[in-house]
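Enquirer: Here is a sequence together with a model predicted from it:
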Amino acid sequence: MEEQFGIAAFRSRQQVMHFERALRRAGVPTSIITTPRSVSVGCGLSVRFELRDVRDVQDVYQVAKPGNLIGFYRVERQGGHTQVTPLGIQMGYQG
């Protein structure tokens with residue numbers, strides 16, 4: 001079974017919580033997950049979202065402007081293998 005979703009990885013847990021709350025307020029389904037090892041530069045937590053919601057995630061990011069963003073990634077899991085690739089999202093602000 002294959003699973004695909006997006007994550008927003010941050011350097012700070014506070015920013016993960018801030019962005020997750022902003023997405024929920026905007027009606028974007030989200031959760032907080034452990035960051036995959038290949039993106040282990042940050043705090044260890046990421047905001048998970050569905051890839052179909054990328055445009056909404058981008059809009060919320062532009063308004064909320066949480067700092068310490070590492071990046072946005074596509075996560076693909078199949079069997080016991082996880083592949084993480086950057087999402088080509090241009091956010092304009094990455095404080």
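Expert: Right, received. Where do you want to start?
Enquirer: mean confidence score for the helix ranked longest in the chain?
Expert: When the chain is parsed with DSSP state H, its longest helix is helix 13-25. Average pLDDT, helix 13-25: 96.
Enquirer: which outside residues touch that helix?
Expert: 8, 10, 30-32, 43-47, 49, 56-57, 60-61, 63-64, 66-69 (Cβ atoms under 8 Å, 6 or more residues apart in numbering). Quick note: C-beta positions are derived from backbone N, CA and C, even for glycine.
Enquirer: Now list the buried members of these.
Expert: 8, 10, 30, 43, 45-47, 49, 56-57, 60-61, 64, 66, 68-69 (16 or more other Cβ atoms under 10 Å).
Enquirer: any idea which of those residues is closest to Glu2?
Expert: Phe49 (17.4 Å; Cβ to Cβ).
Enquirer: Can you name the residues bridging to the closest one?
Expert: Counting by DSSP bridges, Phe49 is bridged to Gly6, Thr30.
Enquirer: next one: Gln78
Expert: Glu2, His81.
Enquirer: Gly71 too?
Expert: Gly71 has these beta-bridge partners by DSSP bridges: Ala9.
Enquirer: Arg11 is in contact with that one, correct?
Expert: No. Using Cβ atoms under 8 Å, Gly71 is not in contact with Arg11; the gap is 10.6 Å.
Enquirer: higher neighbour count, those two?
Expert: Applying other Cβ atoms under 10 Å to Gly71 and Arg11 shows that Gly71 carries more neighbours, namely 17 against 14.
Enquirer: Using PDB, list the CA coordinates for the one helix or strand Gln62 maps to.
Expert: Following DSSP states H and E, one finds Gln62 within helix 54-64. The C-alpha trace of helix 54-64 is given here as PDB (Å, rounded to 0.1, in the frame of the first residue of the first chain):
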ATOM      1  CA  VAL A  54      -0.900  22.400  -1.100                       C
ATOM      2  CA  ARG A  55      -2.400  25.600  -2.400                       C
ATOM      3  CA  ASP A  56      -4.300  26.200   0.900                       C
ATOM      4  CA  VAL A  57      -1.100  25.400   2.900                       C
ATOM      5  CA  GLN A  58       0.800  28.000   0.800                       C
ATOM      6  CA  ASP A  59      -2.000  30.600   1.400                       C
ATOM      7  CA  VAL A  60      -2.000  30.000   5.200                       C
ATOM      8  CA  TYR A  61       1.800  30.200   5.300                       C
ATOM      9  CA  GLN A  62       1.800  33.600   3.600                       C
ATOM     10  CA  VAL A  63      -0.700  34.900   6.200                       C
ATOM     11  CA  ALA A  64       0.700  33.200   9.400                       C
END
